[in-house]
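[1] here is my input; please provide its structure:
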Amino acid sequence: MIGLQFYPDKVIQALIKELPDPKWSRQFDMVYILNTKENQDLIFQKFKGVAWLNCNYFFKNRAINSNNETLNVNWFHKRALKPEYKVCPESYLQKLELKKYSNNTVKSYVSCFEAFINTYKNYNLLELNENVIREYLQKLVHQGKSNSYINQSVNSIKFYYEIVLGMPNRFYAIERPRKQQKLPEVLSKEEILLMIDRTNNLKHKCIISLLYSAGLRRSELLNLKLENIDSKRMLIKINLAKGNKDRYTLLSKILLNDLRIYYKQWKPKEYVFEGPKGGQYSGSSVKEIVTRAARKSGIPKKVTPHTLRHSFATHLLENGTDLRYIQVLLGHSSTKTTEIYTQVATNSFKSIKNPLDL
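    All right, here's what the predicted structure looks like:
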């Protein structure tokens, strides 16, 4: 059957009455009609321009990202677990793999879902209802968890019941915290140059320089291969970045000289930055390199690899680069995402006279 769940609306109710043989389900608390290709097409025709249709449940086995890297779940099976720790069902992992979620998303979903099921380890998962979910989310709030973590927890729980088990939208009414809009943390150019200068290891210096000068995400830096550095056009090609999109970004002349020296010394074979035994460099090592450099430079702020990306975008904006170009360099789908940097760029404030100084 096709279930039709909606907020009370006279127009929608009138259109539903025009559908063939609509009935009411007391069990699922919604209107339903027979699931046929003709009825699916009819629903799209009837509600076009009237309502937004969420059709996720018709396409639940559709891959989310067809080009994501191969899922590696070795970490899941090799973990050292505490006694009586309740692990995520194998079917949960299989469904994540079928839908081709990224490795990072899989780890987040598994971590959040296991935190939930271990809170109620004495319960059968099918016994848990909306009230238990609300109770759990309230606990997360009291623990001071961030809004993004709570939203991720809701997503991981919904994924199990609605996607893995194929249940109807059981948790449709579960409240989510409002999305926070925090301003990005930005360093001055002087602080970034100091970080680079205080880093003695050439490989580490190239990592910090590349994150900043190209505006890379940490995952993009780790996936960067030797052939992606185009020294003739002074560009760097980012393959299948967030959203499965390729893009080009800038290659610094100063960095290119350092990269050439680094290449002669370290002789990487495939990736620009490789581990001691070859293969991709560690994401935790990149984070530690940036954190240590900031600490050695006496920077009191919390500095992460993404801070350097934020600084890249902000400094370009302050130097007069068009917002549209910055959007392309960062790989944002919409300028709305890039517009956040207008709120931290100092040039937009320097032209404003402080009323106390007038």
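[2] just the CA coordinates for the longest helix anywhere in the chain, please, in CSV.
    Longest helix in the chain, counting residues (DSSP state H): helix 103-119. Taking Å, rounded to 0.1, in the frame of the first residue of the first chain, the C-alpha atoms of helix 103-119 are listed here in CSV:
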residue,chain,number,x,y,z
ASN,A,103,33.1,5.3,6.0
ASN,A,104,32.8,8.4,8.3
THR,A,105,29.0,8.3,8.2
VAL,A,106,29.0,4.5,9.0
LYS,A,107,31.2,5.0,12.0
SER,A,108,29.0,7.9,13.3
TYR,A,109,25.8,5.9,12.8
VAL,A,110,27.2,2.8,14.4
SER,A,111,28.6,4.7,17.4
CYS,A,112,25.4,6.6,18.0
PHE,A,113,23.2,3.6,17.6
GLU,A,114,25.3,1.4,19.9
ALA,A,115,25.3,4.2,22.5
PHE,A,116,21.5,4.0,22.3
ILE,A,117,21.1,0.2,22.5
ASN,A,118,23.6,0.0,25.4
THR,A,119,21.5,2.4,27.4
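[3] packing partners of the next helix or strand after that helix?
    Downstream of helix 103-119, the first helix or strand assigned by DSSP states H and E is helix 130-142. On a contact count with 3 or more Cβ pairs under 8 Å, 6 or more residues apart in numbering; DSSP states H and E, helix 130-142 meets helix 103-119, helix 147-158. Glycine gets a C-beta too; all of them are placed from N, C-alpha and C.
[4] out of those helices, which comes closest to Ser333?
    helix 103-119 (17.5 Å; Cβ to Cβ).
[5] tell me the buried residues in the closest one?
    For helix 103-119, burial by neighbour count (16 or more other Cβ atoms under 10 Å) applies to Asn103, Thr105, Val106, Ser108, Tyr109, Val110, Cys112, Phe113, Glu114, Phe116, Ile117.
[6] so can I have TSV of these showing distance to Asn39 and pLDDT?
    Formatted as TSV, those follow (distance: Cβ to Cβ, whole Å; pLDDT from 0 to 100):
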residue	distance to Asn39	pLDDT
Asn103	39	81
Thr105	33	87
Val106	35	90
Ser108	37	92
Tyr109	33	94
Val110	37	94
Cys112	36	95
Phe113	34	95
Glu114	39	95
Phe116	36	95
Ile117	37	94
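[7] return the closest of these with respect to Val132.
    Among the buried residues of helix 103-119, and counting by Cβ to Cβ, the member closest to Val132 is Phe116, at 9.4 Å.
[8] quick one, what contacts that closest one?
    Tyr136, Ser153, Ser156, Ile157 (Cβ atoms under 8 Å, 6 or more residues apart in numbering).
[9] now distance to Ile196 too, for those residues, in JSON lines please.
    Compiled in JSON lines, those are given as follows (distance: Cβ to Cβ, whole Å):
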{"residue": "Tyr136", "distance to Ile196": "45"}
{"residue": "Ser153", "distance to Ile196": "38"}
{"residue": "Ser156", "distance to Ile196": "39"}
{"residue": "Ile157", "distance to Ile196": "43"}
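[10] from these, list the buried ones, please.
    Members of these classed as buried by 16+ other Cβ under 10 Å are Tyr136, Ser153, Ser156, Ile157.
[11] taking those, tell me the two that lie furthest apart.
    Tyr136 and Ser156 (11.3 Å).
[12] if we can go back for a sec, how far off centre is the longest helix of the chain?
    The chain centre lies 15 Å from the centre of helix 103-119; the measure is Cα atoms, centre = their mean, to the nearest Å.
[13] that one vs helix 130-142, what angle?
    Following axes from the mean of the first three to the mean of the last three Cα atoms, to 10 degrees, one obtains 110 degrees for the angle between helix 103-119 and helix 130-142.
[14] now do helix 103-119 against helix 147-158, angle only.
    Using the same axes, to 10 degrees: helix 103-119 against helix 147-158 is 80 degrees.
[15] got a list of what His115 touches?
    Check again: residue 115 is Ala, not His. Ala115 neighbours (Cβ under 8 Å, 6+ apart): Ser153.
[16] quick thing: my sequence starts at 6, can you match it?
    Happy to do that; since the first residue is 6 now, the last one works out to Ala120.
[17] number of residues surrounding Leu47?
    Neighbour count for Leu47, taken as other Cβ atoms under 10 Å: 16.
[18] go ahead and confirm it touches Asp26.
    No. Judged on Cβ atoms under 8 Å, Leu47 makes no contact with Asp26 at a distance of 11.8 Å.
[19] buried sites along stretch 26-39?
    Using 16+ other Cβ under 10 Å as the test for burial, stretch 26-39 gives Met35, Val36, Tyr37, Ile38.
[20] what's the answer for stretch 50-58, then?
    Phe52, Ala56.
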